[in-house]
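Starting from these lines, generate the structure:
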Amino acid sequence: MDLFLPQFIQQLFNGLSLGAIYALIAIGYTMVYGIIGMINFAHGEIYMIGAYVGLITLTALGVGGNVPVPLLIMTMIVVAAFVTGCYGYAVERVAYRPLRNSARLVSLISAIGMSIFLQNWVALGQGARDVAVPNILPGAFQIPLSDEFSVTITYARLLIIVVVFSLMVGLTLFIKKSRMGRASRACSQDMKMANLLGIDTNKVISFTFIIGAILAAVGGVLIAITIGKLNPFIGFIAGIKAFTAAVLGGIGSIPGAILGGLILGVAETLAAAYISSQYKDIVAFSLLVLILLFRPSGLLGKPEVEKV
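Numbers count the residues shown, from 1 in each chain. Got it, this is the predicted structure:
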């Protein structure tokens, strides 16, 4: 019993860092759904591409060079954000805009096709095997909680929490205060009326895809630094988990996506620690089923989503 609380705090910290990544990806799902009512199932592959672009940037700059680590990480994030922003714009123009007025099943099939295309695009270009990412942020600090146990906080996981928290605060302020943010809220409430009032809805939708892609890219870079291993198929699993987090919190709600991601990450980590790592997905999706049984719209969602 003496070790239970320290170990629980350790797993809680690990779960929050994992949940923060899910939340970043889930925001992309929930913003797109909140505005155009479609699910971007290629979003997980954008996350994967961001991780690969970060690794390529790291390789180009050199791990053992004279570039300071903070500048190195910042450069990886900026380059990955730019490249995946272009991908996000291209996905919207190619796979969604031509089908916007079609049946939802058609757009769903198009999204799945784009997901498979991007997986194979990266697999052909980078290879399908696991790729190692150099550990550029080693080290951790210890917080002693008892004579026999201390909480280990790695710098990489701490970076995830700090960066994700900062991005979420910035995004919330941007959505509430900026002109584009107000236009996005208007489009989510009534697309036709927003068009009549002079809002360029095509621009808003493209912007939403770009913002979602940038957030996913940041998550990809951060998880690559932390885990140290990539392959072209990591986006599928992460995308499904992030979509689950978005539904858990209430699809269409940004605070819901954040809450759902954190709950999912913590639930997975605790299940892996106290039950078995083989059961973590079962626990996570069972939690989703239970939430939807008692609250079908999600924790913070509404039956008719009016906000992003």
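
Quick check: what element follows the longest helix anywhere in the chain along the chain?
The single longest helix within the chain, with elements called by DSSP state H, is helix 4-36. Following helix 4-36 in sequence order, the next helix or strand is helix 43-61 (DSSP states H and E).

Which elements pack onto the helix or strand following that next one?
The helix or strand immediately downstream of helix 43-61 is helix 69-91, counting by DSSP H and E. Other helices and strands packing on helix 69-91, by 3 or more CB pairs under 8 Å, 6 or more residues apart in numbering; DSSP states H and E, are helix 43-61, helix 201-227. Any C-beta I mention is one placed from the backbone N, CA and C, and that applies to glycine too.

Tell me how many other residues crowd the residue lying closest to Val247 once chain neighbours are set aside.
Excluding the flanking residues, the one nearest Val247 by CB to CB, 6 or more residues apart in numbering is Gly298, at 6.0 Å. Applying other CB atoms under 10 Å, we find 25 residues neighbouring Gly298.

Three-state assignment for Gly298, please.
When classified by DSSP: H, G, I helix; E, B strand; the rest coil, Gly298 comes out as coil.

mind listing what it touches?
Gly298 is in contact with 247-251, 253, 256, 260, 291-292, counting by CB atoms under 8 Å, 6 or more residues apart in numbering.

can we see that at 7 Å?
Counting by CB atoms under 7 Å, 6 or more residues apart in numbering, Gly298 touches 247-251, 256, 291.

could those residues be laid out in JSON lines, adding pLDDT?
Formatted as JSON lines, the contacts of Gly298 follow (pLDDT from 0 to 100):
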{"residue": "Val247", "pLDDT": "89"}
{"residue": "Leu248", "pLDDT": "88"}
{"residue": "Gly249", "pLDDT": "88"}
{"residue": "Gly250", "pLDDT": "87"}
{"residue": "Ile251", "pLDDT": "84"}
{"residue": "Gly256", "pLDDT": "89"}
{"residue": "Ile291", "pLDDT": "81"}
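
From those residues, which land in strands?
Applying DSSP state E to those, no entry is found in strands.

out of those, what pair is the most spread apart?
Spanning the widest gap among these are Ile251 and Ile291, at 12.2 Å by CB to CB.

what about those two, which has more around it?
Neighbour comparison, Ile251 and Ile291: the larger count goes to Ile251, with 24 against 19 (by other CB under 10 Å).

count of neighbours near the closest residue in space to Arg100 that isn't next to it in sequence?
Closest residue to Arg100 apart from its sequence neighbours, by CB to CB, 6+ apart: Ile36 at 6.6 Å. A count of neighbours around Ile36, defined by other CB under 10 Å, yields 22.

so Ile36 makes contact with Ile205?
Yes: assessed by CB atoms under 7 Å, Ile36 is found in contact with Ile205 at 5.9 Å.

Extract the residue ranges of the protein that are flagged as low pLDDT.
For the chain, the stretches flagged by pLDDT under 70 are 1-3, 64-65, 146-147, 302-308.

where does the closest residue in space to Ile234 that isn't next to it in sequence sit relative to Ala245, distance-wise?
Nearest non-adjacent residue to Ile234, counting by CB to CB, 6+ apart: Met48, 5.3 Å away. When CB to CB, to the nearest Å is the yardstick, Met48 and Ala245 sit 17 Å from each other.

between the two, which one's more packed in?
Each of Met48 and Ala245 has its neighbours counted (other CB under 10 Å); Ala245 has more, 33 against 29.

who's in contact with the more buried one?
Going by CB under 7 Å, 6+ apart, Ala245 touches 22-23, 26, 257, 260-261, 264.

hmm, try it at 8 Å
Taking CB under 8 Å, 6+ apart, one finds 19, 22-23, 25-26, 257, 260-261, 263-264 in contact with Ala245.

ok, it to Ser166 distance?
19 Å.

How much space separates Leu264 from Ile258?
Computed as CB to CB, the Leu264 to Ile258 distance reads 11 Å.

Next: Lys177.
Separation of Lys177 from Ile258 (CB to CB): 18 Å.

so Ala42 makes contact with Leu118?
Yes: here Ala42 reaches Leu118: they are 6.0 Å apart, a contact under CB atoms under 8 Å.

neighbour count winner among these two?
Neighbour totals were compared for Ala42 and Leu118, and Ala42 leads with 29 against 20 (other CB under 10 Å).

residues contacting the more buried one?
91, 95, 111, 114-115, 118.

In a markdown table: those residues, plus secondary structure.
Shown next, in a markdown table, are the contacts of Ala42 (three-state DSSP):
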| residue | secondary structure |
| --- | --- |
| Val91 | helix |
| Ala95 | helix |
| Ala111 | helix |
| Met114 | helix |
| Ser115 | helix |
| Leu118 | helix |
